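A.B. asks: All I have is the shape, not the residue letters:
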C-alpha cells in the first residue's frame, strides 16, 4: 500500500513541477518576446503559437553545440507559418534579424537561443494537449 501511495505522490509532484515550470517559462518567454523586439512583428504574444515552428539561422540549436555560432551566417529568428488553403502551404517569416552571427553580442545571442528553446518548450505542451484532445473520441470505445 505504501509503495502505491509513494508512486502516486511522486507522480503528483512531477505533474506539479511541470506545471510550475510551464508557468515560469511563459513569463520569461513573454519578457524575451518584448526584449528581442518580436512584439513589433507579432502584435499579440499568444499569436506566436499560431506558428508551426520557430527556427534559428546562424547559431546551433543542437543539444551538444547549443548556441554555437555558424561562421559566415546571419543570426535570424525564423517562424514557419502554415496556411492550409494556400498553394504553398508553409512560408518562412523573419521575426528578428541581428546581422552577422559572429558580430552579435554573446549575451544577445544567448537570449535569442533561450527564446527559441522556451518557445519550443511551451509548444510541446500545446502539442501534447492537442493530441490528448484528439484521442478523446477513442476513449469511448475502451
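C.D. replies: That came through, no problem. Since the model is a prediction, treat every value here as computed from it, not as a measurement.
A.B. asks: all strands for the protein, in order.
C.D. replies: Shown for the chain, the strands assigned by DSSP state E span residues 53-57, 74-82, 90-100.
A.B. asks: Now mean pLDDT, mean neighbour count and distance to residue 33 too, for those strands, in JSON lines please.
C.D. replies: (Each C-beta comes from the backbone N, C-alpha and C, glycine too.) Putting these into JSON lines (pLDDT from 0 to 100; neighbours: other CB atoms under 10 Å; distance: least, CB to CB, whole Å) gives the following:
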{"stretch": "strand 53-57", "mean pLDDT": "95", "mean neighbour count": "17", "distance to residue 33": "11"}
{"stretch": "strand 74-82", "mean pLDDT": "93", "mean neighbour count": "17", "distance to residue 33": "11"}
{"stretch": "strand 90-100", "mean pLDDT": "92", "mean neighbour count": "14", "distance to residue 33": "9"}
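A.B. asks: Tell me what angle the longest helix along the chain forms with strand 90-100.
C.D. replies: Longest helix in the chain by number of residues, with DSSP state H as the criterion: helix 2-35. Here helix 2-35 points in a direction 70 degrees away from that of strand 90-100 (axes from the mean of the first three to the mean of the last three CA atoms, to 10 degrees).
A.B. asks: Tell me which of the strands of the chain lies nearest to residue 132.
C.D. replies: Between residue 132 and the strands of the chain, the tightest spacing by CB to CB is seen for strand 53-57, at 20.1 Å.
A.B. asks: before we move on, the earlier item: tell me which of the strands of the chain sits nearest to residue 123.
C.D. replies: Here strand 53-57 is closest among the strands of the chain (CB to CB), at 7.5 Å.
A.B. asks: which other helices and strands contact that closest one?
C.D. replies: Secondary structure elements in contact with strand 53-57, counted by 3 or more CB pairs under 8 Å, 6 or more residues apart in numbering; DSSP states H and E, are strand 74-82, helix 106-134.
A.B. asks: Please identify the most buried of these.
C.D. replies: Each of the helices and strands packed on strand 53-57 was scored by mean neighbour count; the highest is strand 74-82, a mean of 17, by mean count of other CB atoms under 10 Å.
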